[in-house]
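Student: the following comprises the amino acid sequence and a computationally predicted model.
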Amino acid sequence: MMNFRQRMGWIGVGLYLLASAAAFYYVFEINETYNKLALEHIQQHPKEPQEGTTWMHSLKVRLLSLPFWLWTIIFLIPYLQMFLFLYSCTRADPKTVGYCIIPICLAVICNRHQTFVKASNQISRLQLIDT
C-alpha cells in the first residue's frame, strides 16, 4: 500500500513529464521567435560586430553559436536531477529519498569513505591481547 508521499511523488513525476512534453513541443514546433533567431544566425554570420548592435543581440548570437552537445548537457543535467528526485520520492523507504541527486550522492559516498577510514584507523590502533 502506498503512503501519501509516494502518491504525491507519482503525481509529481506525471506532472513533470507532462510539463516536459509541453515544453519540448513549444520549443521545437510553436516558438517562432527561436526559429527566426536561428535562421538569422545561419543566414548572416558577420565577421565583425556592427556599430548598431546591442549587447543583448550579441549575447543571443554568441549563445546560438554554442554547439548542440553543450546545450544538451546544460539542460539535461538539471532535468534528470529533478526527475530522479521526484522518482526517488516514489520509493517506500523515506531514507533513500534524494540519494540520486549528484551533490547528495557525492556527500554520502564521501561520508562513507571517511567513516571507513576512521574505522580502519581505530582498528589498527587497538592492541591485540594474546591469551
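Tutor: That came through fine.

Student: which strand or helix spans residue 61?
Tutor: helix 55-64 (DSSP states H and E).

Student: what lies in contact with stretch 6-24?
Tutor: For stretch 6-24, contacts defined as Cβ atoms under 8 Å, 6 or more residues apart in numbering pick out 2, 79, 82, 83, 86, 87, 88, 89, 90, 91, 92. Any C-beta I mention is one placed from the backbone N, CA and C, and that applies to glycine too.

Student: quick one: the nearest residue to the third one once chain neighbours are set aside from residue 73, how far?
Tutor: Same thing as residue 82. With sequence-adjacent residues excluded and distances taken as Cβ to Cβ, 6 or more residues apart in numbering, residue 82 is closest to residue 16, at 6.8 Å. As for residue 16, its distance to residue 73 is 20 Å (criterion: Cβ to Cβ, to the nearest Å).

Student: who's more crowded, the two?
Tutor: residue 16 (16 against 10; other Cβ atoms under 10 Å).

Student: may I ask which helix or strand encompasses that one?
Tutor: helix 4-25.

Student: pLDDT at the residue nearest to residue 82, what is it?
Tutor: As predicted, residue 16 sits at a pLDDT of 92.

Student: where does the chain have its least confident helix or strand?
Tutor: Lowest mean confidence among the helices and strands of the chain (mean pLDDT, DSSP states H and E): helix 102-125, at a mean of 64.

Student: where does the prediction get shaky in the protein?
Tutor: Confidence mapping of the chain against pLDDT under 70 gives the ranges 30-31, 34, 41, 44-52, 94, 98-99, 104-105, 113-131.

Student: okay, domains of the chain per the record?
Tutor: 1-46, 67-130 (the TED database).
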